[in-house]
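1. Sequence plus predicted model, see below.
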Amino acid sequence: MTRQGPIRYNAHMKPAMTKEDAHAWKERWRAIREVECEELRSTPIDTKFRQLASMMQTARVLGWHTSTPEEIEYIRQLWIRLKSSSHDPR
């Protein structure tokens, strides 16, 4: 199915975004990003840990698995290689 002729816009659709609109939109999101970054910086580590633990538990309960046993073994082998190549005697 191919479209014939120009695209017609519904009267209820907003007009295209102007350069000024785009700049204002980008600035709003920049401000939001700044606030979010500051919130993350000021969040205590124990709160971040509890949030992470909660997300991981939710994933387990829902049966979401992001790694197969093969992937886990591959990563384990990479860590073993990394540790054996370091000069750290531990």
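-> Everything's here; your move. Just so we're clear, the structure is a prediction, and the values are computed from it rather than from any experiment. Numbering: from 1, shown residues only.
2. after the helix or strand where C37 lies, next one along is what?
-> If you go by DSSP states H and E, C37 is part of helix 19-42. Remark: after helix 19-42, the chain's next helix or strand is helix 45-61, criterion DSSP H and E.
3. what is the orientation angle of that next one with helix 19-42?
-> 100 degrees (axes from the mean of the first three to the mean of the last three C-alpha atoms, to 10 degrees).
4. How much space separates T58 from P44?
-> Distance from T58 to P44, counting by C-beta to C-beta, to the nearest Å: 21 Å. From N, CA and C alone the C-beta is placed, and that goes for glycine too.
5. again but with C37, I slipped
-> Taking C-beta to C-beta, one finds C37 at 16 Å from P44.
6. same thing with D21?
-> Noted for D21: a distance of 39 Å to P44, by C-beta to C-beta.
7. more crowded one of the two?
-> D21 (12 against 8; other C-beta atoms under 10 Å).
8. Now for A31, how many residues are close by?
-> A31, neighbours per other C-beta under 10 Å, totals 10.
9. ok, now S54?
-> S54, neighbours per other C-beta under 10 Å, totals 10.
10. For the remainder of this discussion, apply numbering that starts at 672.
-> That works, and once the first residue is 672, the last one we named lands at S725.
11. Read off the pLDDT value for it.
-> Predicted confidence (pLDDT) at S725: the value is 97.
12. Quick one: residues in contact with the helix holding C708.
-> With contacts defined as C-beta atoms under 8 Å, 6 or more residues apart in numbering, helix 690-713 is touched by M688.
13. Let me see the mean pLDDT of that helix.
-> For helix 690-713, the mean pLDDT works out to 96.
14. Then stretch 738-746?
-> Stretch 738-746 comes out with an average pLDDT of 90.
15. Right, I'll call it a day here.
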